[in-house]
Each structure stands twice: as C-alpha cells, then as structure tokens.
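**Q** kindly generate the corresponding structure for this input.
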Amino acid sequence: MNIDPIDYVSRHLQTLDGGLKSGLRILLIILVAWWAIIIVQRAIKALRIRIAGRFGDHESQQRAETLGRVFRYMAAVAISLIAGMLILSELGISVAPILGAAGVAGLAVGFGAQALVKDYFTGFFLLIENQIRQGDVVQLGDHSGLVEEVTLRYVRLRDYDGAVHFVPNGTITSVVNMSRGFAFAVTDISVAYDEDLEAVMRVMKDTASQLRADPQYSNRILDDYELAGVERWDDSAIIIRGRFKVAPLQQWEVRRAYLLLLKKRFDAEGIEIPFPQMVVHPPASTLAA
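**A** Numbering: from 1, shown residues only. Prediction:
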C-alpha cells in the first residue's frame, strides 16, 4: 500500500493543531475560572465590609463575616464545577450522561451519607437563622468555646485551654450562645452565719458602685448592681446572690474584678468569709464520766 508522505504529514499536522487548540482552550477555561473566583470572592468581601459598615455594630460585623466566608466558599465551588464541565466538553466527553449518572449516584450516596447531608442542611439553617457567628462564645452539647469558623459542615471551637473542637452541624441539637446583646455576671457570695446580713449587702452594693465607677469597667457594666438577696443556706455559710448586666463576653472579667475588690472590702470591714468546719462532740460515755 502506497502512502502519500505529504498527505500523511498534513493529517498529523491537523491532529497536532487541533490538540494544541483544544489545550489552549482548556488553559483559557482554567484561567478564566481562576480569575472569576478571585473577582467574585473580592466582590463578596467588599459587599460584606459595606454591609457591616452600614450597620456599624459588632454583632452585624460578626454575622457579615460568617456569611461572607460561606458565600465565598460556595461561589468557588460553583465556578469550579462549571469550569470542570466545560473542560470535559472540550475533551469530547459528553456531560449529559455524566449528569444523569450523577443524579442516580446522588440518590445512592444520599442514603449512605445521610449524616453528611444532615450536616449541610443544619449548617445552612444555623447561618440563615443567625444562631452562631464567628467570634461568639457558645456551648454545643458537651463542647464549648470561642467560635473560630462556621461552615456548612461543621463549627470549629477553641476552648479555654486552647484545645480545638470540630463539631459536625448534624450533631447540634441546641445552641447556648453567651455573647448576644448582653450578659449577666452572677456572683454568689458566702458569709458566716453570725454576720449582719444587712451590713454585708450594703458593702456588696458599695463595692459594685465602686467597680462601675472605675474607668476600666465603666463601659463594660451596663446597669447598676442587682442584689437579689439571700439565695440559700449552706452547711457553713449563707449565700447572697447578685448580678451585673454587662456587655457581651465581659461577664467573666467583671465577675473576677468584683470578687477581688470585694475580698479586700471584706477584709477591711472584718466580714468573715467562712470555710467548711466540722464540730466533733465527745462520746456520751465520756460526758457521763
């Protein structure tokens, strides 16, 4: 069989030229997708900053930051999927059968990955209902700490000891948020049974007023000290309860400062802070003797 060299080279050049053009188009799709992801994410970030600046309060900024992170992630995933389908089409792979197979496979995976699907659905409603935001201090079941990241799949917490907890959204049945609007710094003060309770409560209120007048705490304490009164009788002490209304996340700092200041006042006033005591009675036989 005779092969025309010119025809053979021409066919190979055409194949090479087609492959080169296809490769260039794939490269162009990748570059455009990369550029689109950057532009969209920057636009979402700018919109988040604009919305947070319009409201001006810290809570709105936290929510805008949390939603912005999620929307940037979703935009990157959507653009990447579109780019992937265009690349498959450029390689001559039909996308329609893949989409049909993906639908069938999605049903099978849905039954096998119900926990993962539940994570995403729960995460979506956690964000929409504004239950958790980045920067909040929350308790999720047995886990509590500062919210470092909120995604559609999990919440990342860092506790007081520095340990990081990844809590799947599907396992969250209740959310205790300790950083919404305001908080209460509750103080249970123990005093001896023979103390003048009226005098003790006057000292507690005076100390609270002194703390609120301190410039370091004046913007953290939102209202006057609320003295509830005698809370209970313990074995060796009477418990007097009170509380401060404070700014979010300031309850622990205000409580520690108040207890330190109150200890100094109790020492100056001679008010006894009791400790557990045990009274030992002699046996009846000893008394009889």
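**Q** can I take it that residue 218 is in a helix?
**A** No: counting by DSSP: H, G, I helix; E, B strand; the rest coil, residue 218 is not found in a helix; it is coil.
**Q** next, count neighbours for the closest residue to residue 226 other than its chain neighbours.
**A** Closest residue to residue 226 in three dimensions, ignoring its sequence neighbours and counting by Cβ to Cβ, 6 or more residues apart in numbering: residue 243, at 5.3 Å. In short, each C-beta sits where N, CA and C put it, glycine included. Counted with other Cβ atoms under 10 Å, residues neighbouring residue 243 total 20.
**Q** which pLDDT value belongs to residue 243?
**A** Residue 243 carries a pLDDT value of 94.
**Q** residue ranges for the helices of the stretch 151-289 of the chain, please.
**A** With DSSP state H, counting those that start in this stretch, the ranges of helices along the stretch 151-289 of the chain come out as 197-213, 251-269, 284-288.
**Q** show the end-to-end separation of stretch 132-148, please.
**A** Start-to-end span of stretch 132-148 (Cα to Cα, to the nearest Å) is 11 Å.
**Q** can you pull the buried residues of it?
**A** 132-138, 140, 143, 145-147 (16 or more other Cβ atoms under 10 Å).
**Q** and those residues as a markdown table, adding secondary structure, pLDDT and distance to residue 225?
**A** Output for the buried residues of stretch 132-148, formatted as a markdown table (DSSP: H, G, I helix; E, B strand; the rest coil; pLDDT from 0 to 100; distance: Cβ to Cβ, whole Å):
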| residue | secondary structure | pLDDT | distance to residue 225 |
| --- | --- | --- | --- |
| 132 | coil | 85 | 31 |
| 133 | coil | 84 | 30 |
| 134 | coil | 83 | 32 |
| 135 | coil | 85 | 28 |
| 136 | coil | 88 | 26 |
| 137 | strand | 90 | 23 |
| 138 | strand | 91 | 27 |
| 140 | strand | 90 | 31 |
| 143 | strand | 91 | 32 |
| 145 | strand | 92 | 29 |
| 146 | strand | 92 | 27 |
| 147 | strand | 90 | 30 |
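**Q** which one of these sits closest to residue 29?
**A** Within the buried residues of stretch 132-148, the smallest distance to residue 29 is 33.6 Å, found for residue 134 (Cβ to Cβ).
**Q** so what touches stretch 153-168?
**A** 115-116, 119-120, 123, 126, 132, 138, 140-141, 143-150, 169, 172 (Cβ atoms under 8 Å, 6 or more residues apart in numbering).
**Q** distance between the helix or strand harbouring residue 70 and the chain's centre?
**A** Taking DSSP states H and E as the criterion, residue 70 maps to helix 58-90. Relative to its chain's centre, helix 58-90 lies at 20 Å (Cα atoms, centre = their mean, to the nearest Å).
**Q** mind giving me the packing neighbours of that helix?
**A** Applying 3 or more Cβ pairs under 8 Å, 6 or more residues apart in numbering; DSSP states H and E, one finds that helix 58-90 contacts helix 5-55, helix 95-112, helix 114-128, strand 143-150.
**Q** tell me the angle of the third one relative to strand 143-150?
**A** When you say that, I think you mean helix 114-128. Helix 114-128 and strand 143-150 are oriented at 80 degrees to each other (axes from the mean of the first three to the mean of the last three Cα atoms, to 10 degrees).
**Q** what's the least confident stretch among the helices and strands packed on helix 58-90?
**A** Looking at the helices and strands packed on helix 58-90, the bottom one is helix 95-112 with a mean of 58.
**Q** before we move on, the earlier item: looking at the helices of the stretch 151-289 of the chain, which is closest to residue 46?
**A** That would be helix 251-269 among those, by Cβ to Cβ, at 34.6 Å.
**Q** other residues contacting the closest one?
**A** By Cβ under 8 Å, 6+ apart, helix 251-269 touches 178, 183-187, 189, 199, 203-204, 206-208, 210-211, 217, 220-221, 244, 246, 271-273.
**Q** select only the buried ones of those in PyMOL?
**A** Of the contacts of helix 251-269, the buried ones go into a single PyMOL selection, burial set by 16+ other Cβ under 10 Å:
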select buried, resi 183+184+185+187+189+203+204+207+208+211+217+220+221+244+246+271
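**Q** report the residue ranges of every domain in this structure.
**A** By the assignment in automatic domain parsing, the chain contains the domains 5-112, 134-177, 183-269.
**Q** got those as a markdown table, with distance to residue 282 columns?
**A** Below are these laid out as a markdown table (distance: least, Cβ to Cβ, whole Å):
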| stretch | distance to residue 282 |
| --- | --- |
| domain 5-112 | 64 |
| domain 134-177 | 48 |
| domain 183-269 | 21 |
